[in-house]
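Colleague: curious how this folds, go ahead:
(one chain, ligands or ions: 1)
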Amino acid sequence: MKIGLFDSGLGGLTILRAVAKALPEHSYVYYGDTANLPYGDKTEDEIYRFSVAAMDYLFGEGCALVVIACNTASAETLRRLQDEYLPAHYPQRRILGVIIPTIENMISDNVKEALLLATKRTVDSGKYERELAKRGYPLVLHAVATPGLVPLIEAGQGSVAAETAKGYIKEALVTHPAITHVILGCTHYTELKDALRELFGNRLTFLSQDEIIPEKLRVYVGAHPELMEVVPEEGRGAATRTIHLTAHRPDYDRITAQLLGGVMVQDE
Ligand code: DGL
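Modeller: Numbering: from 1, shown residues only. Now for the predicted structure:
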């Protein structure tokens, strides 16, 4: 089956890398909306419009299932896409996000107090808090908007971004010393996990979505065998990985290879 991944930029490639490694038998199409990045400071309506364009592209490419790897788009548009867009356009296909799997993970890990690092839009949406409340789970969540990180990561400056993130975390720990977990609540921040674990590893646990989504997706795909039949595939050949970016820059090829762990895939 073809699985689509959607992110506002290149950051979600870390999710593609992890998912394609865990479920290599499927084909993947990645849509990075580099023309409209960052989403973190856009309005809800703008993000919905960009998300619809991404869904049109990915379903048009024959994806039976799309994972919105972007927290900001998951927070702002997932429900509306599921309730309005899918029934009207692709009733048999499915769209999943990354926030609910992350919350389920925290609940099963029995997390009591956590720091959420995310874009301003994700923080303002209150989506993490709402999903926790729906499940009646009493987690104390401190959500901090970290707007400076995405442009640094998109520019391939991971170590500067890690230093900046370190500052946000230290500040939160001063006022909330009982924090035990940090949610890297933006696809781009998965890129910072190693550096942050090195700095805070003996005190904090970092939840990184590239380590959460593959297993959740495996369970979901296993529970929905009908998705395999939704899009007729011409001559089920070898699994493919395709990247579609809405705008190109000369340094994207290098950054793409870096985020994919050195693996080059077909670029459109
Ligand atoms: N990748 C997006 C996320 O996960 C954020 C980046 C942006 O601001 O576009 O939230």
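Colleague: what's the burial count for Phe59?
Modeller: 22 (other Cβ atoms under 10 Å). Quick note: C-beta positions are derived from backbone N, CA and C, even for glycine.
Colleague: tell me which element it is part of?
Modeller: helix 44-60 (DSSP states H and E).
Colleague: after that helix comes which helix or strand?
Modeller: As assigned by DSSP H and E, the chain's next helix or strand after helix 44-60 is strand 65-68.
Colleague: what is the rounded mean pLDDT of that next one?
Modeller: For strand 65-68, the mean pLDDT works out to 98.
Colleague: just how off-centre is that strand within its chain?
Modeller: 10 Å (Cα atoms, centre = their mean, to the nearest Å).
Colleague: just give the closest residue to Val140, not the sequence neighbours.
Modeller: Nearest non-adjacent residue to Val140, counting by Cβ to Cβ, 6 or more residues apart in numbering: Glu113, 4.3 Å away.
Colleague: how far away is Glu104 from the ligand?
Modeller: Remark: distance between Glu104 and the ligand (Cβ to the nearest ligand atom, to the nearest Å) = 18 Å.
Colleague: which positions in the stretch 1-150 of the chain make contact with the ligand?
Modeller: 7-9, 11, 37-40, 70-72, 119, 122, 150 (Cβ under 6 Å from any ligand atom).
Colleague: what is the burial count for His244?
Modeller: Residues near His244, counting by other Cβ under 10 Å: 17.
Colleague: now swap in Ala178 and tell me
Modeller: 10.
Colleague: quick check, it in contact with Glu113.
Modeller: Yes: using Cβ atoms under 8 Å, Ala178 makes contact with Glu113 at a distance of 4.8 Å.
Colleague: intersection of neighbour lists for these two?
Modeller: Shared contacts of Ala178 and Glu113 (Cβ atoms under 8 Å, 6 or more residues apart in numbering): Val140.
Colleague: residues in contact with the residue nearest to Val140?
Modeller: Glu113 makes contact with Leu139, Val140, Leu141, His142, His176, Ala178, Ile179, Thr180, His181, according to Cβ under 8 Å, 6+ apart.
Colleague: show the contacting residues for the first one.
Modeller: Contact analysis of Leu139 by Cβ under 8 Å, 6+ apart lists Met106, Ile107, Val111, Lys112, Glu113, Ala114, Leu132.
Colleague: just the buried ones from those?
Modeller: Neighbour counting by 16 or more other Cβ atoms under 10 Å classes Met106, Val111, Ala114, Leu132 among the contacts of Leu139 as buried.
Colleague: the first one: what secondary structure?
Modeller: Reducing the assignment at Met106 to three states with DSSP: H, G, I helix; E, B strand; the rest coil gives helix.
Colleague: that one against Lys112, yeah?
Modeller: No: using Cβ under 8 Å, Met106 makes no contact with Lys112, being 9.5 Å away.
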